[in-house]
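[1] Attaching a predicted model along with its sequence, questions to come.
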Amino acid sequence: MTVAARPTSATRLPGLAVVLVLASAIVMAALVLLPLVVVFADAFAKGLGKYLAAITEPDAVSAMKLTLLVSGIAVPLNAVFGVAAAWCIAKFEFRGKGALLTLIDLPFSMSPVVSGLVWVLLFGAQGWFGTWLIDHDVKIIFATTGLVLATILVTFPFVARELIPLMQDQGTDEEAAALTLGAGGFTTFFRITLPNIRWALMYGVLLCNARAMGEFGAVSVVSGHIRGLTTTLPLHVEVLYNDYDFVGAFAAASLLASLGLVTLVLKTGLEWRHAGELAANRRH
Amino acid sequence: MTAPAIPRRPPWVQHSILPGFGLSLGITLAYLGAIVVLPLTALAIRPWELGLGGVWHELAAPRVAAALKLSFGLSALAALVNAPLGVLLAWTLTRYRFPGRRILDALVDLPFALPTAVAGIALTAIYAPTGALGSLAAKLGIKTAYSPLGIFIALVFIGLPFVVRSLQPVLQDLDQEVEEAATTLGANALQRAVRVILPALAPSLISGVSLAFARAVGEYGSVVFIAGNLPGKTEIAPLLIVIKLEQYDYAGAAAVGLAMVALSFGSLALINALQLRLARRGRA
């Protein structure tokens, strides 16, 4: 069953190789694959009719719309930020770059709940700007704006982190050549830089979008769980689950799991076909 | 043909003929200021309205101390268990060629791709007393879901990809000749693994494990359903923040949030120092 790619490891120890491969397969099946299977099995547990009813009921539909709206705002903003940050960090040498990189990485090491909490501390009823917002009848927390802010904070490093190492590798020679030949700044960016980074940009946007649509902890803090109004799809899953509506919860979860699977397939495809044009050895 | 004018830049920037430094840095700083710096300032300042003694009182309260201990303790344990699992998977995926290898490789990213709430309810369904694996464990008298063991399983699930993805590139680049030399010199498989391969893997193993740890500490969605959430027993720190916010205890929530950020930065700094020492010893 196993063919050795590297003779020393496997031709001498075919038995060990089989054991290790089997052990890996068992770990992956029990720990990682089983949850995915359970999502779909439980979603269809009461039949297709119940499943379709669950994903077409008004609260589910409005949750899907809200999820699309929130990620539709957060992802493009983060993409623009990612390109801008990568441009100044990768193409220029300046003091304070390290600090900037640390700030960009920060959300990766923060709890999503803290990423939601900070917005409540600013804009909640007893937040720094809470009274002002109430006086001017502006709602941020328990409203769409809060969901967008929390989502942005959790997902903004994805695009920048993909682009920075790649653009650093690519250097500035091609852009410098274009400028010397008389191209303007924006022409140079759109004709030279953008084609060079398009696959990495797509990769970053893909990961950013998957996280934005699936984010739970951060939006859960700022949402207030108002059904049909501030529940995104992941929050809809939680609301139904806590109501013991398991078919409904897993049906909604199956949509999110499908999103995750599609993301995984596209991501793997990009990695296979455009490995050289993605930032080397940053494969997650 | 005229050479492009070299843009004038402040003294802390190395000069370059590329345009757009001011614009891209401006966007980056404005965005980071609004999305990261301002909210985190609120997190850093809000707890202290309780006074130094008040913050201490808040964090030393039995319920809070227990939650912090549970979150950090189980996260460390899960990250440590991820080390051998990650080595196993990374080894079989890089060293052996077998049918389904690419699928297994792509599946490693599933815990990243599956939204946390989805993973959370699926893991709960599997490990509940009536679930596929939970019922097996129940027969042995082991309680999985709604116990610390359930939290631990969810944290292993969420951390596994970090370790595998940190190890894979190193194993791929590891010089086969060193292993062959060891074999020629009479080393058996175990000696090769312990004296040749493991030392080469150590730095990336540590960084993978610390990434898994950092993620686990803040994890909310995949844990909160399976945890059972009994105060003092199975209540994780991020959940405590949510509960305090629901009671409009902003300062208390901020104190727990700040403590989590400080503790995870502290432990990451400690791990970094360990890694540096290890790398130095490796070179000596």
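    Cool, got the structure.

[2] so where's chain B uncertain?
    Chain B contains residues with pLDDT under 70 at B:1-5, B:282-284.

[3] Could you pull out the strands in it for me?
    Remark: strands assigned in chain B by DSSP state E are B:96-97.

[4] now chain A
    Counting by DSSP E, chain A has strands at residues A:3-4.

[5] Without its sequence neighbours, what residue ends up closest to residue A:66?
    Spatial nearest neighbour of residue A:66, excluding adjacent residues (Cβ to Cβ, 6 or more residues apart in numbering or on different chains): residue A:232 at 5.2 Å. Quick note: C-beta positions are derived from backbone N, CA and C, even for glycine.

[6] burial measure for the one you found, as a count.
    Residue A:232 has 31 neighbours, counted by other Cβ atoms under 10 Å in any protein chain shown.

[7] What of residue B:198?
    Applying other Cβ under 10 Å, we find 12 residues neighbouring residue B:198.

[8] now it: how far from chain A?
    Noted for residue B:198: a distance of 15 Å to chain A, by Cβ to the nearest Cβ, to the nearest Å.

[9] swap in residue B:60?
    Counting by Cβ to the nearest Cβ - residue B:60 and chain A are separated by 20 Å.

[10] what do you get for residue B:237?
    In terms of Cβ to the nearest Cβ, residue B:237 sits 8 Å off from chain A.

[11] longest helix of chain A?
    helix A:58-91 (DSSP state H).

[12] Now that helix: buried residues?
    For helix A:58-91, burial by neighbour count (16 or more other Cβ atoms under 10 Å in any protein chain shown) applies to A:59-60, A:62-64, A:66-67, A:70-71, A:73-75, A:77-79, A:81-91.

[13] ditto for stretch B:163-178
    For stretch B:163-178, burial by neighbour count (16+ other Cβ under 10 Å) applies to B:163-171, B:174.

[14] cool, and stretch A:193-202?
    Across stretch A:193-202, burial judged by 16+ other Cβ under 10 Å covers A:193, A:197, A:199-202.

[15] related to what we said a few turns ago, what residues are up against the residue nearest to residue A:66?
    By Cβ atoms under 8 Å, 6 or more residues apart in numbering or on different chains, the residues touching residue A:232 are A:63, A:66-67, A:70, A:147, A:215, A:219, A:223.

[16] For the residues you listed, could you give me TSV that also reports distance to residue A:240 and pLDDT?
    Listed next are those as TSV, based on distance: Cβ to Cβ, whole Å; pLDDT from 0 to 100:
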residue	distance to residue A:240	pLDDT
A:63	10	95
A:66	15	96
A:67	15	96
A:70	19	97
A:147	18	96
A:215	18	96
A:219	16	96
A:223	15	92
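
[17] Looking at the stretch 1-150 of chain B, which residue is nearest chain A?
    residue B:115 (2.8 Å; Cβ to the nearest Cβ).

[18] What does that residue show for phi and psi?
    phi -50, psi 140 (degrees, to the nearest 10).

[19] Output the contacting helices and strands for the longest helix of chain A.
    helix A:97-105, helix A:144-155, helix A:157-170, helix A:194-214, helix A:233-242, helix A:246-273, helix B:21-32 (3 or more Cβ pairs under 8 Å, 6 or more residues apart in numbering or on different chains; DSSP states H and E).

[20] Next, the angle helix A:144-155 makes with that helix.
    For helix A:58-91 against helix A:144-155, the angle by axes from the mean of the first three to the mean of the last three Cα atoms, to 10 degrees is 50 degrees.

[21] Give me the buried positions along stretch B:233-253.
    So for stretch B:233-253, counting by 16+ other Cβ under 10 Å, buried means B:234-245, B:249-253.

[22] Which members of the residues you listed are positioned in helices?
    Reading helices off those with DSSP H, I get B:237-245, B:250-253.

[23] Go through those and say which is closest to residue B:273.
    Distances from residue B:273 to those, taken as Cβ to Cβ, are shortest for residue B:237 (24.1 Å).

[24] For that closest one, which residues are in contact?
    A:111, B:64, B:67-68, B:70-72, B:217, B:256, B:260.

[25] any idea how far it is from residue B:253?
    Residue B:237 sits at a distance of 11 Å from residue B:253 (criterion: Cβ to Cβ, to the nearest Å).

[26] cool, residue B:108 as well?
    Taking Cβ to Cβ, one finds residue B:108 at 35 Å from residue B:253.

[27] next one: residue B:183
    For residue B:183 relative to residue B:253 (Cβ to Cβ), the value is 58 Å.

[28] Residue A:197 now?
    Residue A:197 sits 40 Å away from residue B:253, taking Cβ to Cβ as the criterion.

[29] do residue B:88 as well
    Distance from residue B:88 to residue B:253, by Cβ to Cβ: 40 Å.

[30] what sits against the spatially most central residue of chain A?
    For chain A, the residue sitting closest to the mean C-alpha position, by Cα atoms, centre = their mean, is residue A:211 at 2.4 Å. With contact taken as Cβ under 8 Å, 6+ apart, residue A:211 is in contact with A:154-155, A:158.

[31] at 6 Å instead, please
    Contacts of residue A:211 were listed using Cβ atoms under 6 Å, 6 or more residues apart in numbering or on different chains, and they are residue A:155.

[32] For the stretch 151-284 of chain A, give the residue positioned nearest to chain B.
    residue A:214 (2.8 Å).

[33] Need the nearest residue in space to that residue, chain neighbours excluded.
    Nearest to residue A:214 is residue B:115, by Cβ to Cβ, 6+ apart, at 2.8 Å.

[34] tell me, how many neighbours does that neighbour end up with?
    24.

[35] which residues does it contact?
    A:214, A:234, A:256.

[36] do residue A:230 as well
    A:142, A:223-224.

[37] Scan those and report the most crowded one.
    For the contacts of residue A:230, neighbours tallied by other Cβ under 10 Å; top is residue A:223, 25 neighbours.

[38] Quick check: closest non-adjacent residue to that one.
    residue A:230 (4.6 Å).

[39] Is there proximity between stretch A:242-262 and chain B?
    Yes. Contact of stretch A:242-262 with chain B (Cβ under 6 Å from any Cβ of the partner chain) involves A:249, A:253, A:256-257, A:260.
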